[in-house]
Every structure is written in structure tokens, then in C-alpha cells.
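Sequence first, then the predicted structure, then my questions.
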Amino acid sequence: MRRLTSAALAAAIAALLVACGTTPEPDAPAAGRQGEPGTTASPSTRAFDVHDCKALLERGYAAGAPRDGSKDPECAHLTRDEYTAVVGEVIAGHKDEIMEDAANEVAWDSAWDQTGPEQQTVVCGRLKTDGAAVVGQEMADASDSPSGDEVEMAQYYLDEKCPQL
């Protein structure tokens, strides 16, 4: 799920410095494989390039698990400027999604702020009991013109608004 408030957009951009795993290493040549007679175990090293780092960051973005990947093997060899440029490329490739999410969340925040505290407590109770998928679908079913984002909105309220209640 993409969840980036406009206030947290800068934090999300920083958090987009992601890593969600490592690139598998290619098989070593047969004569150098560990466990074969006459060979010794030696650590395998793989030279990563800027494309490996970008692929790592893209996988993290797609998985919805952004975090700083600058220390991961795919990115550790890059200078700070090179790493920043790669992160910028990944963000630029998703700017429309980021802006759409920010716009949605501004509207959701406005609707939440116009809801009274008692009703907010009721909504959070339902979300905690039944879950965002059920509540969001009920909202969509009750709407004359559903947006298609009701489940995402319900999850946003559960994650961002309900913990404070």
C-alpha cells in the first residue's frame, strides 16, 4: 500500500532509500565451488554497479518497504552523490503515485478533522475490530459513487489516526 502524507512526503522520500533483499550471486565456476574435492571455501564477491542499486531500490519501493539501502552491498560502493542520484531517479519514476497519494491523504485528513471525536472513536473501534478491508468495502458499498480508494483510506485511518485514540 502506498501511504505518503504531504507532511511526510519528505520523510517518505528519505525512506525511499530502500533495500528489500540482496541480489543472488551467480554460481561460482565448478573448480571453485565449496565442498568439492581439492577446493577451499572462499567468500564469493560480486561487483555491483549503479544498476544493481537502482534495482534494489525499485524492489523496495514496489514492496512498500522503504528503508535506507546505502549500506547494502548493491549500493555501498556508491559515493553519497551517486547514491542520492539513484534515489532521485527512483523517486522521479514514481512521482505521479507519490503526488496522488499525498493529495488523497490531504482530503482524508480534512474529512477526519471534520468528524467529531465521538464518531472518530466509533470509526477506530470498528477498524480495530473488523479491519480496514471490511470497513472500507462497507464504505464503498454505501457510496453512490465509490472512489475505489475506500479500503486504502480505511487502512490510512487505522494506521495514522486511530493509534492516537
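Received the coordinates, thanks. The structure presented is a predicted model; accordingly, all values stated were derived computationally and were not measured. Numbers count the residues shown, from 1 in each chain.

which parts of the longest helix belonging to the chain are buried?
As assigned by DSSP state H, the longest helix anywhere in the chain is helix 95-113. The neighbour-count check on helix 95-113 (16 or more other C-beta atoms under 10 Å) flags 98, 101-102, 104-105, 108-109, 112 as buried. Using the backbone N, CA and C atoms, a C-beta is placed for each residue, glycine as well.

cool, and stretch 52-64?
Within stretch 52-64, the residues that count as buried by 16+ other C-beta under 10 Å are 52-54, 56-61.

Closest to Tyr83 out of those?
Nearest to Tyr83 among these: Cys53, at 7.1 Å, using C-beta to C-beta.

Against Glu118, how distant is the closest one?
Here Cys53 is placed at a distance of 50 Å from Glu118 (C-beta to C-beta, to the nearest Å).

Same check on Ser145?
27 Å.

before we move on, what about Met99?
When distance is defined by C-beta to C-beta, Met99 is 34 Å away from Glu118.

if we can go back for a sec, just give me the closest of the buried residues of helix 95-113 to Val90.
Ile98 (10.8 Å).

quick one: the closest one and Ile91 touch, right?
Yes. Counting by C-beta atoms under 8 Å, Ile98 touches Ile91, with 7.1 Å between them.

surely Trp112 meets Val106?
No. The criterion here is C-beta under 8 Å, and Trp112 misses it with Val106 at 10.8 Å.

centroid residue for this structure?
In the chain, the residue lying closest to the centroid (C-alpha atoms, centre = their mean) is Gly64, at 2.4 Å.

Right, I'll call it a day here.
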